[in-house]
Structure formats: C-alpha cells, structure tokens
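[1] Only the shape, not the letters, is given here:
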C-alpha cells in the first residue's frame, strides 16, 4: 500500500487487555495451534504501512500479541521508519529475534520474525534478483469485461519482464530436523484486470509476469544441483486475487506445478472483505508440502472491537457498518489477515 490509511473519525479507543483476551479466545475458536515441540507454526502477514500508519501503542501491542502465536513470520510492508516495528518487537519480548531488509519499492522492507527456541537462522540470506539473461518474455492474456458485460481478452504479446519492484527476501532457517528457505514476497500490484483503460490492464499483465518470474525462479532453484537448499517455500502478499483456474495470476503461480495452501475452503479470503486471496504460501510438489499438518487464515477482525461493531450495526445499514468498522480495523491493525501453516519438523 503506497499511502497510509486515513484516520477514521471519530477515533476509536479501547482496552488492550480486553482485545488481547478476545484475540486469544479467537485463536482457540479458529483452532490455531500453540507452539509445540516437533511442529513449526509458519505464518505470513502483510501488516499494512507499519511505520507510517500512526498506530497507537495499544495497536502495536495487539499486533505483537497476534505475532506471538507463531514461531516464524514473514512480514511485508515494514516501512523505512522502524520505530513502530521496534515497538512491536519490544512487546514480543526477548524470546523473539528478527531479520530485516533495506527498503525497496514504496519504501517497504521485508522482515522475518522468529521464536528463538523453535527456529534457528541458517547461512543463506539475500534477495531474488534475476540477471537480465533470466528475464522471461511471454505473451500474457488478460481477461476482462467491457461496459456492456461482454467478456474480452487482451493479448500483451512478447511482454518483457521488468525487475521486481520489491525483490523477494530470501531467508534460510532450521526448525527441529527441517532445514528450509523462505522467499518472502510482496509482488507488484499495478491495476485491475477489469480497468477501463488498456494501459492499466497492461499493468495488471506486468503483475502476472512478475508472479510467473518468481515461480520460474523457485522451480529452477529446486531443480538445480547448485541450490543451497531445495526445500523452498514462497510466501507473502503475491497479489493473486482469486485461486481460480482462469485467473491469470493464479495460473502463473501454479505454472510449474507448485502447490499453494488452499485456505479458502476454511476461511475464505485473507483480506478484510473476505473475498480475495492476495496472500499465498506455495510449496514444491511432495517434499515440504507433505510436512503440512494444518493451515488457515486467522481472521482477527472477527474478534476485536466488539463494542464498536455493535454501535455501528445499530446506527446504520449493514453495508455502511462493515465499511466503517473495517476502516478502524485496517487503521489500527491491517487490511490483511495472517496466513499460517503448521509443519511437521520431526
């Protein structure tokens, strides 16, 4: 997100203790496991605009409380200003440590936050930075619907890859008997496929090509004898709006047979609107995928700010109440929900 969310009016104040209790109960309701021996709780979370959002101390403490449930979290949208991130870390406590990248597109950093008793950093840390000779060149088909409701297809022929706006961050870790590499991503968004202007649909095509480039990179690393570790997991905000066979971004993601977590069967979307699957966690066939014990999205927004929701629901239509409530949620916490998996690391 390039711009911070506007502060909702009137402001909402709340008790951290009450909201922490509500979140903890919701972890139980959603059957999110606790950290335990022989299992790794891996998550990805886009904490929107962390560093420029003007969050209260209570909000940062609540973010820390959510993060603390997991053993290792890939975080996106940590902004150049690190004060808020450091406050969150302070409230995570000494049991956690982190790695962070330098800022890239939209002055965003990628971060890895991990529980030191369950996760140990290994020796590979860097970025996915393709050499020019590795840039893919493809025809990208963008399906859209015109003003009359007629389905159309734009063919962007021989579209040349533009370097990642934010290079995915690579981190290698060990948990139990499992060594692995994470590629922490926040891929290009651009515009929507149903944008009225063709040049905007071309920006959507760029998004498709960036996803394809990442998928091809991961597949080649798994197949290479020179790879540091073939147990690679791609995760993060990949801006895949729907996990459907005809969705161009999704087709690019699974082009090489890699398998994403199909969390929509449980909780629907990873966004507050509950209708998008922007956040992904993707595994090579077999291997790491066979270690998945459980998965899900933690819809914290269904637990927090209950008095606010009751007030809004009593004052206005359901649609307006949802819109105003979500404005508070994304201002204080995020417009993305954490996506998590539990892995067997024995």
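    On my side now, so go ahead. All of these numbers come straight from a predicted model, not from anything done at the bench.
[2] any idea how far residue 153 is from the closest residue to residue 195 other than its chain neighbours?
    With sequence-adjacent residues excluded and distances taken as Cβ to Cβ, 6 or more residues apart in numbering, residue 195 is closest to residue 201, at 5.3 Å. C-beta: built from backbone N, CA, C; applies to glycine. The gap separating residue 201 from residue 153 is 10 Å, by Cβ to Cβ, to the nearest Å.
[3] Common neighbours of the two, please.
    142, 144 (Cβ atoms under 8 Å, 6 or more residues apart in numbering).
[4] Now do the longest strand out of those in the chain: distance to the chain's middle.
    Ranked by residue count under DSSP state E, the longest strand found in the chain is strand 39-50. Relative to its chain's centre, strand 39-50 lies at 7 Å (Cα atoms, centre = their mean, to the nearest Å).
[5] Over to stretch 289-302?
    Put simply, stretch 289-302 sits 13 Å off its chain's centre (Cα atoms, centre = their mean).
[6] quick one: terminal-to-terminal distance for that stretch?
    For stretch 289-302, the first-to-last residue distance is 29 Å (Cα to Cα, to the nearest Å).
[7] Equivalent analysis for stretch 50-69, please.
    19 Å.
[8] and if you look at stretch 222-234?
    Stretch 222-234: ends 12 Å apart by Cα to Cα.
[9] re earlier: so the residue nearest to residue 195 makes contact with residue 191?
    Yes. Assessed by Cβ atoms under 8 Å, residue 201 is found in contact with residue 191 at 6.9 Å.
[10] For the two, indicate the residue with more neighbours.
    residue 201 (22 against 17; other Cβ atoms under 10 Å).
[11] With residue 251 as the reference, measure out to that one.
    The spacing between residue 201 and residue 251, counted by Cβ to Cβ, is 16 Å.
[12] one step back: I would like the residues contacting the helix or strand following the longest strand of the chain, please.
    Remark: after strand 39-50, the chain's next helix or strand is helix 57-67, criterion DSSP states H and E. For helix 57-67, the external contacting residues (Cβ under 8 Å, 6+ apart) are 14-16, 19-20, 23-24, 43, 45, 47, 50, 55, 73, 84, 87-92, 96, 113, 298, 300, 304, 332-334, 338.
[13] where does residue 245 land on pLDDT?
    Per-residue pLDDT puts residue 245 at 90.
[14] what pLDDT does the nearest residue in space to it that is not next to it in sequence get?
    Nearest residue to residue 245 in three dimensions, chain neighbours excluded: residue 251, at 7.2 Å (Cβ to Cβ, 6+ apart). Among the per-residue scores, residue 251 holds a pLDDT of 95.
[15] what number of residues lie near residue 251?
    17.
[16] related to what we said a few turns ago, just the buried ones from the contacts of helix 57-67?
    Neighbour-count burial (16 or more other Cβ atoms under 10 Å) applied to the contacts of helix 57-67 gives 14, 16, 19-20, 23, 43, 45, 47, 50, 55, 73, 84, 87-89, 91-92, 96, 113, 298, 300, 304, 332-334, 338.
[17] Show me what secondary structure element comes after the longest helix seen in the chain.
    Secondary structure assigned by DSSP state H gives helix 198-223 as the longest helix of the chain. Next along the chain after helix 198-223, taking DSSP H and E as the criterion, comes strand 232-237.
[18] pLDDT averaged over stretch 76-94, what's the number?
    Per-residue pLDDT over stretch 76-94 has a mean of 96.
[19] Can you give the distance of that stretch from its chain's centre?
    The chain centroid and the centroid of stretch 76-94 are separated by 17 Å, computed with Cα atoms, centre = their mean.
[20] Can you give me the first-to-last residue distance of that stretch?
    With Cα to Cα as the measure, the ends of stretch 76-94 fall 22 Å from one another.
[21] For that stretch, give me every contacting residue.
    The contact list for stretch 76-94 (Cβ under 8 Å, 6+ apart) reads 1, 44-53, 55, 57, 60-61, 63-65, 67-68, 96, 98, 100, 103, 106-111, 113, 184-186, 236-237.
[22] Give me the distance between the two termini of stretch 23-35.
    Stretch 23-35: ends 16 Å apart by Cα to Cα.
[23] And the residue nearest to residue 245, how close does it get to residue 141?
    Applying Cβ to Cβ, the value for residue 251 to residue 141 is 9 Å.
[24] buried sites along stretch 97-111?
    Within stretch 97-111, the residues that count as buried by 16+ other Cβ under 10 Å are 98, 100-101, 103-104, 106-111.
[25] tell me how far the ends of it are from each other?
    Length of stretch 97-111, first residue to last, Cα to Cα: 11 Å.
[26] got a list of contacts for that stretch?
    Outside stretch 97-111, the residues within contact range by Cβ under 8 Å, 6+ apart are 1-2, 74-80, 82, 85, 89, 112-114, 116, 121, 125, 127, 164-169, 171, 184-186, 188, 236.
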